[in-house]
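*Asks:* what's the 3D shape of this:
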Amino acid sequence: MRTLHFGLRVADLERSLAFYTAVGYEIVGSVPETPLGRLTMLKLPDDEFVSIELVHDPQRQVEVSTGLSHFVIKVESMDATMAELAAHGVDAEQPASPDGSDDFLTTFIVDPDGNRIELVQWPGGHAEGMSAADWAD
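*Replies:* Sure, this is the predicted structure:
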């Protein structure tokens with residue numbers, strides 16, 4: 001079993017697409033009419049598969065608090081990412097290091113619908129994602 005992607009309901013599809021493409025996502029395709037609304041599939045440049053499905057139905061109001069706390073994107077360089085986001089007018093919190101090191105950094109950005117997105121620069125030598133090894137004694 002594996003998580004394929006998650007769907008985010010958005011109030012304004014064009015505004016959300018502008019935000020997510022500024023973050024670095026690419027549009028893979030879309031399904032114009034479904035019972036959920038228009039579905040737009042996004043992936044990051046280095047990913048093979050879709051990771052976010054933007055769900056837009058102009059007839060439905062977007063709930064600001066749906067239980068989603070945040071989702072996380074791994075970045076190669078926090079400095080380069082911060083510069084790229086600033087160039088696209090995306091504000092980010094000041095990066096901080098959870099362990100006090102210079103190469104493990106996190107920050108947050110917020111999409112147009114209020115969803116928080118954590119950006120993480122893993123420390124050198126860390127695996128591509130979190131695993132049980134991160135909690136080994």
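*Asks:* And the strands in the protein?
*Replies:* Using DSSP state E, the strands of the chain run over 6-9, 26-31, 38-43, 52-56, 71-74, 105-110, 116-121.
*Asks:* Could I get the ones you listed in a markdown table, plus columns for distance to residue 130 and mean pLDDT?
*Replies:* The C-beta positions use only the backbone N, C-alpha and C, and glycine is treated the same way. Below are the strands of the chain laid out as a markdown table (distance: least, C-beta to C-beta, whole Å; pLDDT from 0 to 100):
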| stretch | distance to residue 130 | mean pLDDT |
| --- | --- | --- |
| strand 6-9 | 17 | 89 |
| strand 26-31 | 24 | 94 |
| strand 38-43 | 20 | 94 |
| strand 52-56 | 19 | 92 |
| strand 71-74 | 9 | 90 |
| strand 105-110 | 13 | 94 |
| strand 116-121 | 10 | 92 |
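*Asks:* pLDDT weak spots in this structure?
*Replies:* By pLDDT under 70, the low-scoring segments of the chain are 1, 64-67, 137.
*Asks:* try 80
*Replies:* The chain contains residues with pLDDT under 80 at 1-4, 61-69, 131-132, 134-137.
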